[in-house]
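Visitor: here are the coordinates; sequence isn't available:
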C-alpha cells in the first residue's frame, strides 16, 4: 500500500490548471497535481504515463476513453465521474474514491487499489485483472458481466453488489469481509498454466500496443 503523504502542500504551492487543455498537458508531462481542483473538467481521450494526481478532486470530471499507465491517484476524489472505456495499466489507486462513478467497460490491470471506494459505481462489463483490492468497498456497485481474474479481495466489502453475469478466475471470495450474495461463476475450466499463458500473452500484446502508441505520439507532425 502507498504511504500517506506526510507533508501537505501549501495552497500557494498547488499547481492549479485553469483549463482542461492545461490540465491535460500537466498530466502528460507528469507535473505534480497533488491537491489540484479538476472538478467538471473534460479530460477524455487522454493518453498519459505516470500522471501525478494524489488527493486531486476529479468530481464530475470526464476521463472516459483514456489510457492511463502507472498513474498515481492516491486518495484522489473521483466522485460521479465518467471513467468508462478507460484502461488503468498499473498504478496507485490506494484509497481512491470512485463513488457513483461510471467505470463501465473499463479495465483495471495490475493496479494497487487497497481501500479504494467503488460504492455505487457502475463497473458493468469491466475487466479487473491481477490487482490488489484488499479492503476495497464495492457496496451497491454494479458488477454485472464483469470479468475478474487474479484478484486479492481480502477484507473487501461487496454488500448489495450486483454480479449477475459476472465471471471470475483465481479470486478467493472467502477472504472478502462481505462476499457478493451471488458469487460470480468461474470462467471455462482450463489448466492453471493455460490461464497464466493467456493472461501473460494479453499483457504482452497490450504492452506492445502501448509502446507503439507512445512511439507514434513522439513522431513529429508531417
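Guide: Thanks, I have the structure now. What you see is a predicted model, and the numbers here were worked out from it, not measured in a lab. Numbering: from 1, shown residues only.
Visitor: got the domain boundaries for the protein?
Guide: As given by automatic domain parsing, the domain ranges for the chain are 1-189, 192-222.
Visitor: Show me the helices in this protein, by range?
Guide: For the chain, the helices defined by DSSP state H occupy 20-28, 192-218.
Visitor: Mean pLDDT lowest where, among those?
Guide: For the helices of the chain, the bottom mean pLDDT is recorded on helix 192-218, which sits at a mean of 55.
Visitor: where does the protein dip in pLDDT?
Guide: 1-12, 188-222 (pLDDT under 70).
Visitor: can you give me the strands in it?
Guide: 47-49, 67-69, 87-89, 107-109, 127-129, 147-151, 167-171, 185-186 (DSSP state E).
Visitor: strands paired with the fourth one, and their directions?
Guide: Pointing back at strand 107-109 there. Within its sheet, and counting by DSSP bridges, strand 107-109 is paired with strand 87-89 (parallel), strand 127-129 (parallel).
Visitor: Enumerate the positions of the first one that are buried.
Guide: For strand 87-89, a neighbour-count test (16 or more other CB atoms under 10 Å) marks 87-89 as buried. (Each C-beta comes from the backbone N, C-alpha and C, glycine too.)
Visitor: okay if I get those residues as CSV plus distance to residue 36?
Guide: Formatted as CSV, the buried residues of strand 87-89 follow (distance: CB to CB, whole Å):
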residue, distance to residue 36
87, 23
88, 19
89, 23
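Visitor: tell me which of these is nearest to residue 116?
Guide: Set against residue 116, the nearest of the buried residues of strand 87-89 by CB to CB is residue 88 (11.0 Å).
Visitor: Next up, the contacts around residue 36.
Guide: 14-17, 23, 53, 56-57 (CB atoms under 8 Å, 6 or more residues apart in numbering).
Visitor: In a markdown table: the strands paired with strand 107-109, plus distance to residue 72.
Guide: What follows is the strands paired with strand 107-109, written out as a markdown table (distance: least, CB to CB, whole Å):
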| stretch | distance to residue 72 |
| --- | --- |
| strand 87-89 | 11 |
| strand 127-129 | 19 |
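Visitor: Out of these, which gets nearest to residue 157?
Guide: Closest among those, using CB to CB: strand 127-129, at 15.3 Å.
Visitor: how distant is that closest one from the center of its chain?
Guide: Computed by CA atoms, centre = their mean, to the nearest Å, the chain-centroid distance of strand 127-129 equals 9 Å.
Visitor: and if you look at stretch 145-160?
Guide: 14 Å.
Visitor: circling back: most packed of the domains of the chain?
Guide: domain 1-189 (a mean of 19; mean count of other CB atoms under 10 Å).
Visitor: My read is that residue 58 contacts residue 77, right?
Guide: Yes. Between residue 58 and residue 77 there is a contact under CB atoms under 8 Å: 6.5 Å.
Visitor: Next, format the contacts of residue 36 as a markdown table and append distance to residue 176.
Guide: Shown next, in a markdown table, are the contacts of residue 36 (distance: CB to CB, whole Å):
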| residue | distance to residue 176 |
| --- | --- |
| 14 | 37 |
| 15 | 38 |
| 16 | 39 |
| 17 | 38 |
| 23 | 36 |
| 53 | 28 |
| 56 | 29 |
| 57 | 29 |
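Visitor: before we move on, the earlier item: in a markdown table, list the strands of the chain along with distance to residue 27.
Guide: Formatted as a markdown table, those follow (distance: least, CB to CB, whole Å):
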| stretch | distance to residue 27 |
| --- | --- |
| strand 47-49 | 5 |
| strand 67-69 | 9 |
| strand 87-89 | 14 |
| strand 107-109 | 18 |
| strand 127-129 | 23 |
| strand 147-151 | 27 |
| strand 167-171 | 32 |
| strand 185-186 | 38 |
